[in-house]
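Q: Just a sequence and a predicted model for now, questions to come.
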Amino acid sequence: MNATIGWAAGYAMLVWWFTTGIILFLDGLSPSTFRRSMTGATILLGGALYGLRQSAGDTSSAGAYTAFSAAIMLWGWLEMSFLMGFITGPRKRAYRGVRGGWRHFRQATGAIIYNELATLSAAGLVFVATWHAANRFALWTFLVLWIMRVSAKLNLFLGVANTGGQFLPPHLAYLESFFNKRRMNMLFPVSILASTVALVVLVQKLWAVDGAFQLTGYTLTCTLLALAILEHWFMVLPIPTEKLFDWGTRYAAHRRASRP
């Protein structure tokens, strides 16, 4: 049991760290490489959709890993499509005006709405593929990513100490104009409390289940949610989070600067 949990938790942390870093690396390269990167990501997306279908009825430990990995790859494709500027929103310029209020929110939404709709469609696809299946860990994985990302975006809009603007590529630098910088906002403690309660419930579920399949699946989901909560804390604590992914961002910046 301990080994199953340990391997699953380690896998989830490694996937989170590596996929985030590789996406930042690819996004930090010259825009001339973006189409090739998206082509490769789309090929992997095909594999993710196949894995999603094949794992739906697989209640082995391997099935839990496959479902989790398929959801992560689907999410990675959505993130790359946004960060590389392929699926963003109709507004592609910085916000200039009074911060806060409906106008600010409407224009911020206009900058990302196409990606949000794509994410909603992807969630619907995962839901249809897994809802009546024996293995629904792909759905739980995707929902954790989606809900926590929506929470992060709302907190960035309302204001946090660390907006993460250093991770935005030059072609999306205008998005930082929609962020607010302040120590904390009223939504942040609600986000932390709600997600922590959800994590406690999932951990209790983890300790109550039996069998490698459920142990693996719930450990992967719990670890991902814990990492998402940690990412929320990064928004308000004085922690140099860029150090975590320095291997990708620094090398990509060097490659971009060295090109003629």
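A: Arrived safely, thanks for sending.
Q: which parts of the one helix or strand residue 220 maps to are buried?
A: Secondary structure here is read from DSSP states H and E; on that basis residue 220 sits in helix 212-234. Of the residues in helix 212-234, those with enough neighbours to count as buried (16 or more other CB atoms under 10 Å) are 212-229, 231-232, 234. C-beta here means a position set from N, CA and C on the backbone, and glycine is covered the same way.
Q: Check stretch 166-177 too.
A: Of the residues in stretch 166-177, 167, 168, 169, 172, 175, 176, 177 count as buried by neighbour count, 16+ other CB under 10 Å.
Q: what residues does it touch?
A: 24, 27-28, 31, 83-85, 88, 92-96, 111-112, 163, 165, 242, 245, 249 (CB atoms under 8 Å, 6 or more residues apart in numbering).
Q: Please list only the buried members of those residues.
A: Burial of the contacts of stretch 166-177 was assessed by neighbour count (16+ other CB under 10 Å); the buried members are 24, 27, 28, 83, 84, 88, 95, 111, 112, 163, 245, 249.
Q: Can you list the low-confidence ranges for the stretch 151-260 of the chain?
A: Judged against pLDDT under 70, the low-scoring parts of the stretch 151-260 of the chain cover residues 248-260.
Q: An error on my part: the question was meant for the stretch 1-150 of the chain.
A: Within the stretch 1-150 of the chain, the stretches with pLDDT under 70 are 1.
Q: Could you pull out the helices in it for me?
A: In the stretch 1-150 of the chain, helices defined by DSSP state H, counting those that start in this stretch lie at 2-27, 34-55, 61-83, 101-110, 113-130, 137-158, listed in chain order.
Q: Output the fourth one in PDB with nothing but the alpha carbons.
A: C-alpha atoms of helix 101-110 as PDB (Å, rounded to 0.1, in the frame of the first residue of the first chain):
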ATOM      1  CA  GLY A 101     -15.700  46.600 -12.300                       C
ATOM      2  CA  TRP A 102     -17.700  45.200 -15.200                       C
ATOM      3  CA  ARG A 103     -15.700  46.800 -18.000                       C
ATOM      4  CA  HIS A 104     -12.400  45.400 -16.700                       C
ATOM      5  CA  PHE A 105     -13.900  42.000 -16.200                       C
ATOM      6  CA  ARG A 106     -15.600  42.000 -19.700                       C
ATOM      7  CA  GLN A 107     -12.400  42.900 -21.500                       C
ATOM      8  CA  ALA A 108     -10.300  40.400 -19.400                       C
ATOM      9  CA  THR A 109     -12.800  37.700 -20.400                       C
ATOM     10  CA  GLY A 110     -12.500  38.800 -24.000                       C
END
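Q: Just the buried positions in that helix, please.
A: Neighbour-count burial for helix 101-110, with 16+ other CB under 10 Å as criterion, is recorded at 104, 107, 108, 110.
Q: so which of these would you say is closest to residue 141?
A: Using CB to CB, residue 108 is the member of the buried residues of helix 101-110 that sits closest to residue 141, with 26.9 Å.
Q: State the distance from that closest one to residue 54.
A: In this structure, residue 108 and residue 54 are separated by 39 Å, where distance is defined by CB to CB, to the nearest Å.
Q: what does residue 81 give?
A: Between residue 81 and residue 54 the distance is 24 Å, computed by CB to CB.
Q: quick one: which of those two has more around it?
A: A direct count of neighbours by other CB atoms under 10 Å for residue 81 and residue 54 places residue 81 higher, at 21 against 14.
Q: quick one, what contacts that one?
A: With CB under 8 Å, 6+ apart as the criterion, the residues that contact residue 81 are 38, 41, 87, 115, 118.
Q: next one: residue 90
A: Under the criterion of CB under 8 Å, 6+ apart, the contact partners of residue 90 comprise 110, 113, 114.
Q: Quick one: the residues you listed as CSV, columns for distance to residue 49 too.
A: Shown next, in CSV, are the contacts of residue 90 (distance: CB to CB, whole Å):
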residue, distance to residue 49
110, 29
113, 24
114, 20
